[in-house]
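Peer 1: Everything below, folded, please.
(one chain, ligands or ions: 1)
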Amino acid sequence: MLPARFIFDRSYVSANLPENNPMFDQYTFTAAERFLRYVQVDTQSDPQSNTTPSTEKQKDLSQVLVAELQAMGVSDAHLDAFGYVYATLSSNTNKDVPVICFCSHVDTAPDCSGTNVKPLVHEQYSGADIILPDDNSIVLSTKEFPYLKEHIGHTIITASGNTLLGSDDKAGVAEIMDMAHFLTSHPEIKHGTIRLLFTPDEEVGRGTALLDMDKLNATFGYTLDGGEQGTLEDETFSADAATITIHGVIAHPGYAKNKLVNAIKIAGEILEALPKKSFSPETTEKREGFVHPVRIDGIAEKATIEFIVRDFTRTGLAANAEKLQGIAEAVLQKHAGARMEFKVTEQYRNMKEVLDQHPQVTDYAALAYERSGIKVRRESIRGGTDGSRLSFMGLPCPNLFTGMQGIHSRQEWIGVRDMEKAVEVLVHLVQVWEEKS
Ligand SMILES: [Zn+2]
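Peer 2: The predicted structure is shown next:
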């Protein structure tokens, strides 16, 4: 049960039904209502844990989802021991339509508390600064979030100041659930077999670790884990990790003259030798790649620096690693007796490599956006998603918008308008697949 003050006012929903869209005339969107309930369940994941799911509490929400799907008549909905929810909306057409999967993650980021989330509904948002009640230092302004301006006069949802909101990715969860509700209550909408998938631990990079692809048995997929309305992400970084291990020469410090070579100092020199105005996350944007030291460890005898390496192309990725290696080797040259090892490990690859072989997956999504009256903005993600891993696991999987904003922070917010549009897109998308098959 929602505390009374968070109970969602339905009245605005009917006022904001999509215009000129007879399909939705009789339907009241429930994505926002679902969202308000889901965000109150603490599902924070834990990078230190070795179990799957990393935190057992993620299942608290997954169980709610299963029960709600069962109540809709989705009889195979179930939660497995590892925290994955699988469910099927059966085909209601004679056509041979590829099985499409919609996927969101239930966990929230470890960066910010997800305990006792109190979602606040701001109806008819005026555009003025919003000071969050539980911590007056947390303010949402159009200056910091220009996208808020597009929501003036509409309803937005924020957290209360002490926690994140959890729109990443409970917005996606709520939208998929509302699509399921719409389709199960509108059997006249033709679609093929649709698989719903809710994963744990995306935020700690293990969202697909124990996913059973055979059981999922889908041909194409979509993650709902994107931001602004209209964004359609079919490209992610390609990512490697690089480790530089420096071996110094050790000697008793009292008798070390002309003998000792300190590995920690060499590590410091390598970091100092990195470019100051390029080649780093803090100096790059758009399609530029970078290297980024994420951890340093060492004693005088031996030191290691761990980097992440990013680029949109494989050649660029390899070139970035090579450049890093060159910088490190040049430093090592100055220290006779010291040596280094340079090791590159693959992390994930740009999903576009896979999606380019199946252009219809992204094209049909673009068509569904257009049918929903949305201008499509194809974008690249300067990071990875579960979709990048899924694409290489055999499920080509671009990322659709959910509306989430200011994620992983106490300033997180979302516009209800965007959540409803996302559901509308999904309903159009399943029909596009049916029509084109
Ligand atoms: Zn996410």
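
Peer 1: Check the gap between the closest residue to Val64 other than its chain neighbours and Leu274 for me.
Peer 2: Leaving aside its chain neighbours, Val64 sits nearest to Val41 (6.8 Å; criterion: Cβ to Cβ, 6 or more residues apart in numbering). Bear in mind the C-beta positions are built from the backbone N, C-alpha and C, glycine included. Using Cβ to Cβ, to the nearest Å, Val41 is found at 43 Å from Leu274.

Peer 1: Relative to the ion, how far out is the residue sitting nearest the centre point of the chain?
Peer 2: Taking Cα atoms, centre = their mean, the centroid of the chain lies closest to Asp225, which sits 4.7 Å from it. Distance, Asp225 to the ion, by Cβ to the ion, to the nearest Å: 4 Å.

Peer 1: And Gly383, by the same measure?
Peer 2: From Gly383 over to the ion (counting by Cβ to the ion), the distance is 10 Å.

Peer 1: in what helix or strand does Thr142 lie?
Peer 2: Per DSSP states H and E: Thr142 is located in neither a helix nor a strand.

Peer 1: if I pick it, what's in contact with it?
Peer 2: Counting by Cβ atoms under 8 Å, 6 or more residues apart in numbering, Thr142 makes contact with 127, 148-149.

Peer 1: which stretches of the stretch 201-350 of the chain form strands?
Peer 2: 220-226, 231-236, 238-247, 290-298, 302-311, 339-348 (DSSP state E, counting those that start in this stretch).

Peer 1: And for the stretch 1-150 of the chain?
Peer 2: Counting by DSSP E, counting those that start in this stretch, the stretch 1-150 of the chain has strands at residues 78-79, 85-89, 100-105, 120-122, 130-131, 139-140.

Peer 1: Could you identify the buried members of the contacts of Thr142?
Peer 2: Buried members of the contacts of Thr142, counted by 16 or more other Cβ atoms under 10 Å: Leu148.

Peer 1: Need the contacts of Thr142 in TSV (columns: pLDDT).
Peer 2: Below are those laid out as TSV (pLDDT from 0 to 100):
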residue	pLDDT
Gly127	96
Leu148	97
Lys149	97
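
Peer 1: so which of the contacts of Thr142 would you say is closest to the ion?
Peer 2: The closest of those to the ion turns out to be Leu148 (Cβ to the ion; 20.4 Å).

Peer 1: What's the per-residue pLDDT of the spatially closest residue to that closest one that is not a sequence neighbour here?
Peer 2: Closest residue in space to Leu148, ignoring its immediate chain neighbours: Thr142 at 4.7 Å, by Cβ to Cβ, 6+ apart. Looking at Thr142, its pLDDT reads 97.

Peer 1: Name the residues of the stretch 201-350 of the chain found near the ion, please.
Peer 2: Asp225 (Cβ under 5 Å from the ion).

Peer 1: circling back: just to check, the residue nearest to the centre of the chain is in contact with Thr385?
Peer 2: Yes - assessed by Cβ atoms under 8 Å, Asp225 is found in contact with Thr385 at 5.6 Å.

Peer 1: Any chance you could list residues touching both of these two?
Peer 2: With Cβ under 8 Å, 6+ apart, Asp225 and Thr385 have common neighbours 202, 399.

Peer 1: hmm, what's the outermost residue in this protein?
Peer 2: Tyr255 (54.5 Å).

Peer 1: what about it, distance to the ion?
Peer 2: Noted for Tyr255: a distance of 56 Å to the ion, by Cβ to the ion.
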